[in-house]
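Colleague: output the structure for:
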Amino acid sequence: MPLNMPMLLTWIRIVLIPLVVGVYFLPDTLMTVDMQNWVGAWIFVVAAVTDAFDGYLARRWNQTSAFGAFLDPVADKLMVGAALIVLVDLNRIGPFIALIIIGREITISALREWMASIGARNSVAVNSLGKLKTIAQMVAIPMLLADSSWMGIDLAFLGTLLIYVAAVLTVWSMCYYLIKAWPSIREKS
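Modeller: Residues are numbered from 1 along each chain as shown. Coordinates of the predicted model:
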């Protein structure tokens, strides 16, 4: 496993996951609830930024690897899944929203793995719909983690709207990938 800057950013993202979760379980005497919200949101933002940069740097510096291609999406899914579980626990989103998003990630990951095993990986390659879904999630989640107002903007309300948009895009993109894979599924089943 090569340790280069893109891989280091991915590992940093993985290390930040328990920090995002742990902040919300600190005693109120150590950190106020408002401070927990902001610290958790900012840790998530830092993790999301590493996600934006690691793939870009790997391609730009020609430092891609099979392990990095495996670890990056795992880190993303762990980060989003952990944050959604915290948001359900804090009663900021309903469990059904978390189930839709996490269930889609598991389904599409399994579909991609299976499609790769039959030599049809390109039929379920990431497209713009999946990227829009990811952007909606990565903007909504820190707003919901912060659960505050900022410069007169109700982040909790805006985050709630965006997480619903993300849920719709999640289902839409899952259907898109399943439809794209359907000919191969029919042929190989």
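Colleague: what does stretch 21-34 contact?
Modeller: Applying Cβ atoms under 8 Å, 6 or more residues apart in numbering, the contact partners of stretch 21-34 are Gln36, Val39, Gly40, Ile43, Ala82, Ile85, Val86, Asp89, Leu90, Ser148. In short, each C-beta sits where N, CA and C put it, glycine included.
Colleague: no, scratch that, I was asking about stretch 146-165
Modeller: Residues from elsewhere that reach stretch 146-165 (Cβ under 8 Å, 6+ apart): 34, 37-38, 40-41, 90, 92-93, 97, 136-137, 139-144.
Colleague: what residues sit buried inside that stretch?
Modeller: For stretch 146-165, a neighbour-count test (16 or more other Cβ atoms under 10 Å) marks Ala146, Asp147, Leu155, Ala156, Leu158, Gly159, Thr160, Leu162, Ile163, Val165 as buried.
Colleague: the second one and Val49: what is the separation?
Modeller: By that I understand Asp147. Relative to Val49, Asp147 is positioned 21 Å away (Cβ to Cβ, to the nearest Å).
Colleague: kindly report the same for the fifth one.
Modeller: With distances defined as Cβ to Cβ, the gap from Leu158 to Val49 amounts to 20 Å.
Colleague: for Arg13, the count of nearby residues, please.
Modeller: Neighbourhood size, Arg13 [other Cβ atoms under 10 Å]: 22.
Colleague: who are the neighbours in contact with the residue nearest the centre of the chain?
Modeller: Among the residues of the chain, the one closest to the centroid is Val80, at 3.7 Å (Cα atoms, centre = their mean). By Cβ under 8 Å, 6+ apart, the residues touching Val80 are Ile101, Ile102, Glu105, Gln137, Ile141.
Colleague: neighbour-wise, give me the winner out of these.
Modeller: With neighbours taken as other Cβ under 10 Å, the top of the contacts of Val80 is Ile141, carrying 30 neighbours.
Colleague: how far does stretch 167-174 sit from the chain's center?
Modeller: Distance of stretch 167-174 from the chain centroid (Cα atoms, centre = their mean, to the nearest Å) equals 13 Å.
Colleague: likewise for stretch 115-132?
Modeller: 17 Å.
Colleague: end-to-end on it?
Modeller: Taking Cα to Cα, to the nearest Å as the measure, stretch 115-132 stretches 23 Å from start to finish.
Colleague: quick one: mean pLDDT for it?
Modeller: Stretch 115-132 comes out with an average pLDDT of 77.
Colleague: for that stretch, give me every contacting residue.
Modeller: Stretch 115-132 is contacted by residues 108, 111-112, 169, 172-173, 176-177, 180-181, 183-184, 188 when judged by Cβ under 8 Å, 6+ apart.
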